[in-house]
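# Next come a sequence and a model predicted from it.
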Amino acid sequence: MHRARVRNAARLGPMGASALAHLFLDPDSIASLGSIVPVRCTMNGREYDALGRCMTPPSVFCLDENPSGTLAFVADFREVRLLNLRFPDRSNRRLRGPRNTPWIGTYTDIATIRTITPAAALVLAAEFDRAHRRKRLGRRGVINAEDWDPGVARTLIDVGFLEHLRADLPEYQRLEPQAPGVRMLPMLTGDQSEPEEVERLGQGLQELMDSFQGSAISHAIYTGLIEAMDNCASHAYPEDHSFRYPTEEGRWWMSGSVANGRQLEVIFFDQGATIPVTLPRSGMSEIAHDWLRRMNPLGIEAADDGQRIQAAMTAGRSAHQVQGRGYGLAQMRELVDLAGSGSLRILSRRGRYIYDKDAGERVDTLDQSIGGTLVHWRFRL
């Protein structure tokens, strides 16, 4: 017990001593955490009744339309799953169901999600993947499958989410695409620059879209993903950075989707220290700091995370001969110009940077951190 207390306190940093005084998480501090309820669990090909404590994601699980609610749930998921803590069981769970009813612990109530987008689905799947790799998912299974939205279920199955639950949906659950012609590719993951995985993603996109192979967009995506992998390997997981949650050095996740054969999305995600944190460590720091001083005379520390991403982008365009994270980001933006029509969105820590070929640049700072860096291209064909 003493070793667990020390280990968890180290993960939480300065706030560890107070937060771990009882080795408990306060359920009231987790907004998405619900009460203990009866559920229907599907696992290993059979269904059974059980009891569990639900975590409730927002009905609109989307980084565009509902970033605050989506990222707040992701933050709650990390707190519950990755800190190796437990809740004080203030109510007798056995009194809430028949005697010897199985207890499945805390579960994510996917049935509450009515809309999910490819980028948000990748982030959720990546968080489940990390928890699975760290052996923190606990007892797994599909809960209340009959209540899942068919479009949400289709997207999560496509991205590979259910593989981490060791379960499939029951046979009676009929699935339709999320919208006409929308399909998502299985998530790929690795811990270094892996060109063969980029080629796998390209082959998957080719299967979904006949005009992809050999196009300017095909080459642009290959180049952009290699840049993203190189940035992740070189900058995202510095050895001297103190991470709040357990991480795997260099780990990234990526996927893509096609809608109606006309809109292509490619998404890359890492759970690293983020651009606003790592920018001062890169070779672009002096150029970026000069840009921030001009944009924000009150001082660099007052600049928000969105401006820091924009500074990295601007610095990269200003000094292509200097190697650093900003240079790779600048190339990622150039892919949108080469493709002819589309946009680039980068979320890193609380910052959001959007570049649209037609509408130009926009930056802002969100209420919640994404807990890493998300690079998201959209191309209109």
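Done, it's in. Quantities reported herein were computed from a predicted structural model and do not represent experimental measurements.
# Return the helix or strand in the protein with minimum mean pLDDT.
When each helix and strand of the chain is scored by mean pLDDT, DSSP states H and E, helix 16-19 comes last, with a mean of 42.
# and the next element down the chain from that helix?
For helix 16-19, the following helix or strand on the C-terminal side (DSSP states H and E) is strand 33-43.
# who does whichever helix or strand comes after that next one touch, helix- and strand-wise?
Using DSSP H and E, the helix or strand that follows strand 33-43 in sequence is strand 46-55. In terms of contacts (3 or more CB pairs under 8 Å, 6 or more residues apart in numbering; DSSP states H and E), strand 46-55 is packed against strand 33-43, helix 67-82, strand 103-108. Bear in mind the C-beta positions are built from the backbone N, C-alpha and C, glycine included.
# Apply 6 Å and report the result again.
strand 33-43, strand 103-108 (3 or more CB pairs under 6 Å, 6 or more residues apart in numbering; DSSP states H and E).
# want to try CSV for those, with mean neighbour count as columns?
Listed next are these as CSV, based on neighbours: other CB atoms under 10 Å:
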stretch, mean neighbour count
strand 33-43, 17
strand 103-108, 20
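# do you know which of these lies nearest residue 187?
Distance to residue 187, taken as CB to CB, is lowest for strand 103-108 among the helices and strands packed on strand 46-55, at 16.8 Å.
# between the closest one and helix 67-82, how big is the angle?
Angle of strand 103-108 versus helix 67-82, following axes from the mean of the first three to the mean of the last three CA atoms, to 10 degrees, is 150 degrees.
# Parallel or antiparallel, which strands does strand 103-108 pair with?
The pairing partners recorded for strand 103-108 under DSSP bridges are strand 46-55 (parallel).
# average pLDDT for the partner strand?
Per-residue pLDDT over strand 46-55 has a mean of 89.
# Same question for stretch 366-374.
95.
# now do the same end-to-end measure for it.
End-to-end span of stretch 366-374 (CA to CA, to the nearest Å): 14 Å.
# Any buried residues in that stretch, and which?
By neighbour count on 16 or more other CB atoms under 10 Å, the buried set for stretch 366-374 is 366, 368-374.
# so what's residue 366 up against?
67, 350, 352 (CB atoms under 6 Å, 6 or more residues apart in numbering).
# Rebuild these as a markdown table, extending it with distance to residue 306.
Below are the contacts of residue 366 laid out as a markdown table (distance: CB to CB, whole Å):
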| residue | distance to residue 306 |
| --- | --- |
| 67 | 12 |
| 350 | 8 |
| 352 | 6 |
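# So which of these wins on neighbours?
residue 352 (23 neighbours; other CB atoms under 10 Å).
# CA-only coordinates of the helix or strand hosting it in CSV, if you can.
Using DSSP H and E, residue 352 sits in strand 351-356. The C-alpha coordinates for strand 351-356 follow below in CSV (Å, rounded to 0.1, in the frame of the first residue of the first chain):
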residue,chain,number,x,y,z
GLY,A,351,-4.7,25.6,-28.3
ARG,A,352,-6.6,25.3,-31.5
TYR,A,353,-5.2,26.4,-34.9
ILE,A,354,-7.2,26.2,-38.1
TYR,A,355,-6.0,27.0,-41.6
ASP,A,356,-8.5,26.9,-44.4
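# Quick check: next helix or strand after it?
In the C-terminal direction, the helix or strand that comes right after strand 351-356 (DSSP H and E) is strand 360-365.
# Not counting its neighbours along the chain, what's nearest the most centrally placed residue in the chain?
Nearest residue to the geometric centre of the chain (CA atoms, centre = their mean): residue 123, 2.2 Å. Of all residues not flanking residue 123 in the chain, residue 269 sits nearest, at 5.9 Å (CB to CB, 6 or more residues apart in numbering).
# Only the buried residues of stretch 359-367, if you could.
Across stretch 359-367, burial judged by 16+ other CB under 10 Å covers 363, 365-366.
# quick one: the helices in the chain?
2-12, 16-19, 67-82, 118-133, 150-159, 195-208, 216-231, 275-278, 285-295, 305-318, 325-339 (DSSP state H).
# how about the helices and strands packed on strand 46-55 in a markdown table, adding distance to residue 240?
Shown next, in a markdown table, are the helices and strands packed on strand 46-55 (distance: least, CB to CB, whole Å):
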| stretch | distance to residue 240 |
| --- | --- |
| strand 33-43 | 34 |
| strand 103-108 | 33 |
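# So which of those strands is nearest residue 200?
Across those, closest to residue 200 is strand 103-108 (CB to CB), at 27.9 Å.
# Next, the angle from the closest one to strand 33-43.
Interaxial angle, strand 103-108 versus strand 33-43 (the same axes, to 10 degrees): 110 degrees.
# mean confidence score for strand 103-108?
The pLDDT scores in strand 103-108 average 88.
# how far out from the middle of the chain is it?
Put simply, strand 103-108 sits 21 Å off its chain's centre (CA atoms, centre = their mean, to the nearest Å).
# what's the answer for stretch 224-236, then?
The answer for stretch 224-236 is 16 Å, by CA atoms, centre = their mean.
# what residues are up against the residue nearest to residue 123?
By CB under 6 Å, 6+ apart, the neighbours of residue 269 are 122-123, 126, 253, 374.
# Any chance of the residues you listed in a markdown table with distance to residue 334 as columns?
Shown next, in a markdown table, are the contacts of residue 269 (distance: CB to CB, whole Å):
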| residue | distance to residue 334 |
| --- | --- |
| 122 | 23 |
| 123 | 25 |
| 126 | 26 |
| 253 | 24 |
| 374 | 19 |
